[in-house]
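Visitor: For reference, the sequence and a predicted model appear below.
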Amino acid sequence: MIDDDAAGEEMFADLGRFEPARIPVDAVLRRGRAIRLRRRLVGGGALVLAACLAVLAPAAVRIAGGAGGGTDDPASVAVAAADGAQGVRVNPPTVAANGDVHFSGAVDGEPWSYVRTGRCDGPPTRCMDLVGLLLPPVSLLLENTKDGNIGVSAEFGRDTLYAVLTLSDGEQVTLTGITEITAEPNAIAGDYFEMPRGETIVRVDAALLFSSKLVHADPRPLRSDIPTVVPWYQADGKPLSLTPPVIPLGRSGSGGTMWSVEVVPGSWTAQYGIHGPGTHQMQWSPAGVLVSPVTGADGSSAQVLYGNVEGTTVRVDVALSDGTMQQFEPVVHDDRVFVGGVLPAGPAVTMVTYYNAAGVRLGYVVPKAGALISGS
Amino acid sequence: MRGEDYEAEFREYMASRWGDLVRFGYGLTGDRGHAEDLAQTALAKAYASWGRVRRADDLDAYIRRILINANHRRFRKQRVAEHEGQVPVEPSVADGTDVFDQREALVAALMELPPKQRAVVVLRYWDGLTETQAAAILGCSVGNVKSQASRALAKLRGSAQLRDGSVVR
């Protein structure tokens, strides 16, 4: 008789070490908070009472790509045919194993489906769009579909958990959206549905994650061919500011030879402003930290370090080839942590080391000459 | 306990268990990306209710159960997606090292098992849990774990993947 325990242990013995990738604590916390907030809002009945602010910028929406209604989705067809209900029905979007995002629903019992196949480069590949702008809670794009409906693409801002759209006939459509924060700045954030021709959207409510706010906008008149920007309001009626903050990260020098770096956090990415003698430039940074040489109009030069780091980082040490060390203190905004500072021109960066509040080294990077200093 | 203390406690817990959960997910799915997704999903759900979850009698078992349930949902979705999109299965590529090839062969054989048997085997032999612990996580009896494990091992022994990979001795 074979001893199963012994056989199993032998079979699974000596499998080698399994080295996990960097632990995505912040991504998990974000998802956990989103689950919690969604439970709280929905459980408290606040979904129906949602009231908020909004800017509708149809031209900014890229989720739709082409109009929907072009695919045969057996699952969607089967479900829709079964209910046969009038009005607009929207299923929660799903991500297929190959990374495609599937949207589906029905208009007056007629099913529609739409598959978004856009991907971003680099792992993970489940990326529908690269969102870099500071977005309002919801941006909409309306397009006529070939099956006679209006396809509505909704792009969510970074904070948006879900949106409730009120149509002109009073019907409400809840968009749960696909919000997958992948390897920043890549992200999926949005939804798609179809409504009958002749309908329009008279109100947009959205729940915001970080501030736990409910906001709304009244987009009338909304036309598919004209970008419409409307104000968003908080539940108490006060306007919601969409002006992005400008956060100073570091500076060095004095008077006319001053160099400084600041960050403007966007919806998903961040834009870094680098200012020096007679020069001002804005740079995008992918996940991680960059060091860029900069030269002013007066011929002076420096190196500027900027980027975002893992959430528990409180200190960044930068070692230079001349043997000196510079320390930078990150700045926290929402749940993102940015770091920036000015280094002298000349000595190369030989190592960047990240520490948490307990002084524990979280990671380090030894950059190649001229290469991106990524990771944390 | 204050909110920041909860968060600090969760961060510490996640840091100490992340590798184990990804490894566990890898045993269930045979895919590193899916394994990390499952680990994230399980931990995010745990964090959403951390005040309650942290008091579980066996926290590790509780979170493995969330992960297994998430995998069942993923498995169902994947089957639909593969049916709809005819997604090709990417062949695994060995790197020529014995340990890597052995693990690849074992994972390939595991993927041939039904989900329940795979979960039992992964919990018992990949994760090294006792039959009682595995039964608690799967919500079944110890006898059921024994019988499932026995059937699964019999299938694994007969697997061409493992014979070719020389894991069966």
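Guide: Alright, I've got the coordinates.

Visitor: which secondary structure element contains the closest residue to chain A within chain B?
Guide: At 3.1 Å from chain A, residue B:47 is the closest residue in chain B, using Cβ to the nearest Cβ. Bear in mind the C-beta positions are built from the backbone N, C-alpha and C, glycine included. According to DSSP states H and E, residue B:47 maps onto helix B:32-48.

Visitor: Report all helices and strands that the helix or strand following that helix contacts.
Guide: Counting by DSSP H and E, the next helix or strand C-terminal to helix B:32-48 is helix B:50-53. The elements that helix B:50-53 packs onto, with contact taken as 3 or more Cβ pairs under 8 Å, 6 or more residues apart in numbering or on different chains; DSSP states H and E, are helix B:3-29, helix B:59-85.

Visitor: again, only this time at 6 Å
Guide: Using 3 or more Cβ pairs under 6 Å, 6 or more residues apart in numbering or on different chains; DSSP states H and E as the contact criterion, no helix or strand is in contact with helix B:50-53.

Visitor: Residues in contact with that helix: which ones?
Guide: Residues from elsewhere that reach helix B:50-53, judged by Cβ atoms under 6 Å, 6 or more residues apart in numbering or on different chains: B:6, B:10, B:46.

Visitor: wait, the last one sits on residue B:63?
Guide: Read it as residue B:46. Yes. Look at residue B:46 against residue B:63 with Cβ atoms under 6 Å: they come within range, at 5.3 Å.

Visitor: Run a quick neighbour tally on the nearest residue to residue B:67 once chain neighbours are set aside.
Guide: Ranked by Cβ to Cβ, 6 or more residues apart in numbering or on different chains and with sequence neighbours excluded, the top spatial neighbour of residue B:67 is residue B:42, at 3.9 Å. By the measure other Cβ atoms under 10 Å in any protein chain shown, the count of residues near residue B:42 is 25.

Visitor: which ones are touching residue B:42?
Guide: B:63, B:66, B:67, B:70.

Visitor: Could you rerun that using 7 Å?
Guide: The contact partners of residue B:42, by Cβ atoms under 7 Å, 6 or more residues apart in numbering or on different chains, come to B:21, B:63, B:66, B:67, B:70.

Visitor: which of the residues in stretch A:240-253 are buried?
Guide: Within stretch A:240-253, the residues that count as buried by 16 or more other Cβ atoms under 10 Å in any protein chain shown are A:240, A:242, A:247, A:249, A:250, A:252, A:253.

Visitor: from the residues you listed, which ones fall inside strands?
Guide: Among the buried residues of stretch A:240-253, the ones falling in strands (DSSP state E) are A:247, A:249, A:250, A:252.

Visitor: my read: the first one touches residue A:332, true?
Guide: So that's residue A:247. No. Taking contacts as Cβ atoms under 7 Å, residue A:247 lies outside contact range of residue A:332: 9.6 Å.

Visitor: Listing request: residues of the stretch 251-376 of chain A with sub-threshold pLDDT.
Guide: Counting by pLDDT under 70, the ranges of the stretch 251-376 of chain A that qualify are A:255, A:266-269, A:285-287, A:368-376.

Visitor: So which bits of it are right by chain B?
Guide: residue A:312 (Cβ under 7 Å from any Cβ of the partner chain).

Visitor: So which residues of the stretch 251-376 of chain A form strands?
Guide: A:259-265, A:270-276, A:279-284, A:288-295, A:301-309, A:315-320, A:325-328, A:331-333, A:336-344, A:349-355, A:361-365 (DSSP state E, counting those that start in this stretch).

Visitor: now the stretch 101-250 of chain A
Guide: For the stretch 101-250 of chain A, the strands defined by DSSP E, counting those that start in this stretch cover A:101-107, A:110-116, A:138-144, A:149-156, A:160-167, A:172-175, A:178-181, A:187-196, A:201-208, A:214-217, A:232-234, A:247-252.

Visitor: hey, least reliable of the ones you listed by pLDDT?
Guide: For these, mean pLDDT drops lowest on strand A:178-181, to a mean of 58.

Visitor: Take the strands of the stretch 101-250 of chain A and write them to JSON lines, including distance to residue A:92.
Guide: Formatted as JSON lines, the strands of the stretch 101-250 of chain A follow (distance: least, Cβ to Cβ, whole Å):
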{"stretch": "strand A:101-107", "distance to residue A:92": "9"}
{"stretch": "strand A:110-116", "distance to residue A:92": "13"}
{"stretch": "strand A:138-144", "distance to residue A:92": "16"}
{"stretch": "strand A:149-156", "distance to residue A:92": "13"}
{"stretch": "strand A:160-167", "distance to residue A:92": "10"}
{"stretch": "strand A:172-175", "distance to residue A:92": "9"}
{"stretch": "strand A:178-181", "distance to residue A:92": "9"}
{"stretch": "strand A:187-196", "distance to residue A:92": "9"}
{"stretch": "strand A:201-208", "distance to residue A:92": "15"}
{"stretch": "strand A:214-217", "distance to residue A:92": "20"}
{"stretch": "strand A:232-234", "distance to residue A:92": "24"}
{"stretch": "strand A:247-252", "distance to residue A:92": "35"}
